[in-house]
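> Build me a structure from this.
(one chain, ligands or ions: 4)
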Amino acid sequence: MSHSAADVGEVLEQIAQLLELKGENPFKIRAYTNAARALDSLSEPIEKLVAEERLGNIEGVGKAITEKVTELVTTGRLSYYEELKASFPEGIFELFELQGLGAKKIKALHDQLGVSSVEDLERVCAEGKVAELAGFGEKTQTKLLKAIEDHRKHAGRFRINVVADLAEELLEDLRAHEAVGQISEAGSFRRRKETIGDLDLLVSSTRPEEVSEFFIHHPLVEEVIVHGPTKSSVRLKDGPQCDLRVVKPEEFPFALVYFTGSKEHNIRLRSRSLDHGWSLNEYRFSPAKEGSEITVPPIHTERELYKALGLDFIPPELREDRGEIAAAEAGVLPNLIEWSNLRGTFHCHTTASDGKNSLIEMARAAIDLGLEYLGIADHSKSSFQAHGLDAERLAEQVAEIRDLNQTKEFQQAGFRLVAGTECDILKNGELDFDDEVLATLDYVVASVHSSFTMGEAEMTARIIRAMENPHVTMLGHLTGRLLLSREPYAVNIPAVIEVAASTGTIIEINASPWRLDMDWRWWPLAKEKGVKCAINPDAHTIHGLQDLIYGIGIARKGWLTKSDVVNCLPLGKIDEILSAKKKHGV
Ligand code: DGT
Ligand code: CA
Ligand code: CA
Ligand code: ZN
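Ligands and ions are numbered 1, 2, ... in the order given. I've put the predicted structure just below:
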């Protein structure tokens, strides 16, 4: 059993929460959170530290925790943790998933109102008992009810990175199977939706039993829900369900269109087919009226299927019934941006703030990805919890970046680090740095990281005020949402888009699978207004740079082409676009 430091850190965090629930002394609790944090920033594999008995050398990891981590890493289990967990009702752990509810409050609810599940909490809130509890009040009670509602809405969906990793492995193993002919992902994952309900896979085969058998015995499968020769449903490791359909080779293009969806898109295609006198289902075209003379066209590919319906091929990301059929009919679908169009990116963090890799490590990882430039945007001073930089530390970082850019290594690679900041937008819309400081940078990402609960009008005015600053090149993660975890704050997006257009402020697609913000549904409007997009990984590690691929998916869903996205500009054109606002004024 192998454990990453992050898994181990997670267990230690949970122990800390459980100890807090028990009302243990704060020093003991802090020992666990400190140790979790220390393990989180390890630069070598935890197994190695354990094997060489070097855990104790890490600051913040004492003897008791060394023993526990050793047990966990060597046996894959930790009896202390399991006993601790067993001393609480199972339902209590789900309470930790509610926004705004920590161990202290859960303990109070448990001890004073007997709450040991989300259902219990909902009941005592509805009865008005929570409002009467010391330290809670009416407002908290209302918030908790909202948190329960949000939690339910999210249950059973998954962030795209979780599904992508599973899909990659399953597709690769299925593809290698002898009985598998054509194969594809389908459903919302193929459409690159921001979150995924279940993963849909489609295979063509003349020996479906063998394929299904292989699938349900795959090591990633934890539980078989349905098993048949042509349709199997399973639950995978990490939680998502996966549907596999196996169809005959000649059915494949029909099944692929059908199971890619969306349902609304399918309904349009079906009614379009009927206009031709054909009935369309997941297997074939057939004459709509029995015994009619109408012949159906032969179809070998998805492209041919769309063509038969008088449509250009519609990329899966656009199949959401948002005007794609009319555009395909008129031959005006956009030529969507692709991974290979990306020349660089902005908005990454380093160890200077809350990142886990240094400047040079991030730069080399970007070079390995084939990028020509990488924008650094560490947090500014008000984000103290993220170790934000003050003006002095920022100046040091800028100097370091300028020096690195002069090195042979960078010059030979044709690569440049671009010096910036992810500058907090303060509560009143002012920026966390003075204009003189901002003027020393190549570009500025401005983001909201505090006071999320203000009203929509105030929040919108706050963000607009920031955009009116000529130093603000782009707006970071517009709504602050964390998918399946934190709702967006209230902001008038069309108003922000309007001002982005009039001030020449770029808007980010934050490509982190937790954010994917600004949402794809707004990009057609932004594009129409002439707003440019930056696809930014918001990477905190070298691996985080690969999240760019999710940003590409969202940009495609937003109908964007390479000319809408500033990352597609070559290195030589970057300064011009980044300094356009400063030059021309706002
Ligand atoms: P998800 O899984 O909730 O993220 O979303 P999808 O789109 O993957 O939905 P899913 O897995 O229920 O079904 C996959 C596709 O199958 C869906 O996109 C369209 C097609 N489909 C499923 N049910 C229906 C239906 O009742 N009518 C039509 N026309 N298509 C359907
Ligand atoms: Ca699905
Ligand atoms: Ca499905
Ligand atoms: Zn941020």
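
> Next, count neighbours for the residue nearest to Glu178 when sequence neighbours are not counted.
Distance criterion Cβ to Cβ, 6 or more residues apart in numbering; nearest residue to Glu178, sequence neighbours excluded, is Glu210 at 7.9 Å. C-beta coordinates here come from the backbone N, C-alpha and C atoms, glycine included. When neighbours are counted by other Cβ atoms under 10 Å, Glu210 registers 16.

> now do Glu430
For Glu430, using other Cβ under 10 Å, the count is 14.

> From ligand 1, how far out is it?
41 Å (Cβ to the nearest ligand atom, to the nearest Å).

> swap in Ser380?
Ser380 is 37 Å from ligand 1, by Cβ to the nearest ligand atom.

> Next, the residue lying closest to that residue once chain neighbours are set aside: phi, psi?
Of all residues not flanking Ser380 in the chain, Asp432 sits nearest, at 3.9 Å (Cβ to Cβ, 6+ apart). The phi/psi pair for Asp432 (degrees, to the nearest 10) reads phi -80, psi -10.

> Find me the pLDDT at the residue nearest to Glu178, would you?
What the model reports as pLDDT for Glu210 is 97.

> And it, which helix or strand is it part of?
Remark: Glu210 resides in helix 208-216, with elements defined by DSSP states H and E.

> Can you list the strands that the next helix or strand after that helix pairs with?
Once the chain leaves helix 208-216, the next helix or strand it forms, by DSSP H and E, is strand 221-227. The pairing partners recorded for strand 221-227 under DSSP bridges are strand 231-236 (antiparallel).

> so how far is the partner strand off the chain centroid?
24 Å (Cα atoms, centre = their mean, to the nearest Å).

> Ligand 2 contacts on the chain?
Gly187, Ser188, Gly197, Asp198, Asp200 (Cβ under 5 Å from the ion).

> helix/strand/coil for the spatially closest residue to the first one that is not a sequence neighbour?
So that's Gly187. Leaving aside its sequence neighbours, Gly187 sits nearest to Asp200 (Cβ to Cβ, 6+ apart; 3.2 Å). Classification of Asp200 using DSSP: H, G, I helix; E, B strand; the rest coil returns strand.

> can you tell me the residue of the protein closest to ligand 1?
Nearest residue of the chain to ligand 1: Gly261, at 1.9 Å (Cβ to the nearest ligand atom).

> picking up where we left off before, need the contact list for the residue nearest to Ser380.
Contacts here follow Cβ atoms under 8 Å, 6 or more residues apart in numbering; on that basis Asp432 touches Ser380, Lys381, Ser382, Ser383, Gly388, Cys423, Asp424, Ile425, Leu426.

> burial of the second one, as a residue count?
Here the neighbour count serves as a burial measure; for Lys381 (other Cβ under 10 Å) it reads 19.

> same check, this time on the third one
Neighbour count of Ser382, defined by other Cβ under 10 Å: 19.

> Quick check: the gap between it and ligand 2.
To ligand 2, Ser382 is 41 Å away according to Cβ to the ion, to the nearest Å.

> these two touch, right, that residue and Leu389?
No. Ser382 is not in contact with Leu389 according to Cβ atoms under 8 Å; the separation is 10.6 Å.

> And Met454, its phi and psi?
phi -70, psi 160.

> Report the closest residue of the protein relative to ligand 2.
Gly187 (3.2 Å; Cβ to the ion).

> got a list of what that residue touches?
Ile196, Gly197, Asp198, Leu199, Asp200, Asp243, Phe259, Thr260, Gly261.

> from memory the last one sits against Glu185, does it?
No. With contact defined as Cβ under 8 Å, Gly261 does not count as touching Glu185 (12.0 Å).

> Alpha carbons of stretch 174-183, as CSV, please.
Presented in CSV, the C-alpha positions along stretch 174-183 are these (Å, rounded to 0.1, in the frame of the first residue of the first chain):
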residue,chain,number,x,y,z
LEU,A,174,-9.5,-1.0,-22.7
ARG,A,175,-7.9,0.2,-25.9
ALA,A,176,-5.2,-2.5,-25.5
HIS,A,177,-7.8,-5.2,-25.2
GLU,A,178,-8.1,-7.5,-28.2
ALA,A,179,-11.8,-7.5,-28.5
VAL,A,180,-12.1,-3.7,-28.4
GLY,A,181,-12.6,-2.0,-31.8
GLN,A,182,-13.4,1.7,-31.6
ILE,A,183,-13.4,3.4,-28.2
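
> I would like the residues contacting it, please.
171, 201-208, 210-211, 214-215, 249, 252.

> Spatially, which two of those residues are the most separated?
Leu171 and Thr206 (19.6 Å; Cβ to Cβ).

> for the longest strand seen in the chain, packing partners?
For the chain, the strand that runs over the most residues, judged by DSSP state E, is strand 416-424. Applying 3 or more Cβ pairs under 8 Å, 6 or more residues apart in numbering; DSSP states H and E, we find strand 416-424 packed against strand 344-348, strand 373-379, helix 391-406, strand 445-447, helix 571-578.

> And the contacts of the shortest one?
By Cβ under 8 Å, 6+ apart, the list of residues contacting strand 445-447 from outside reads 346-347, 375, 377, 420-425, 431, 466-467, 469, 472-477, 508, 536.

> Each with direction, which strands does it pair with?
Sheet partners by DSSP bridges: for strand 445-447, these are strand 416-424 (parallel), strand 474-475 (parallel).

> Using CSV, lay out these together with mean neighbour count, distance to ligand 1 and mean pLDDT.
Below are the strands paired with strand 445-447 laid out as CSV (neighbours: other Cβ atoms under 10 Å; distance: least, Cβ to the nearest ligand atom, whole Å; pLDDT from 0 to 100):
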stretch, mean neighbour count, distance to ligand 1, mean pLDDT
strand 416-424, 26, 31, 98
strand 474-475, 26, 28, 98
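
> can you tell which of those is closest to Tyr81?
Short answer: strand 416-424, nearest of those by Cβ to Cβ, at 36.0 Å.

> What's the first helix or strand after that closest one?
With secondary structure assigned by DSSP H and E, strand 416-424 is succeeded by helix 435-438.

> mean confidence score for that next one?
Averaging pLDDT residue by residue across helix 435-438 gives 97.

> Who are the packing partners of that helix?
So helix 435-438, by 3+ Cβ pairs under 8 Å, 6+ apart, packs with helix 391-406.

> Out of the helices and strands packed on strand 416-424, the one nearest Arg37 is which?
Using Cβ to Cβ, those put strand 373-379 closest to Arg37, at 16.9 Å.

> what's in contact with the closest one?
343-350, 352-355, 359, 362-363, 366, 386-389, 394, 397, 401, 415-422, 424, 442-443, 445, 449, 476, 536, 571, 574.

> Please list only the buried members of the residues you listed.
343-350, 352-353, 355, 359, 362-363, 366, 386-389, 394, 397, 401, 415-422, 424, 442-443, 445, 449, 476, 536, 574 (16 or more other Cβ atoms under 10 Å).

> Sweet, I'm off.
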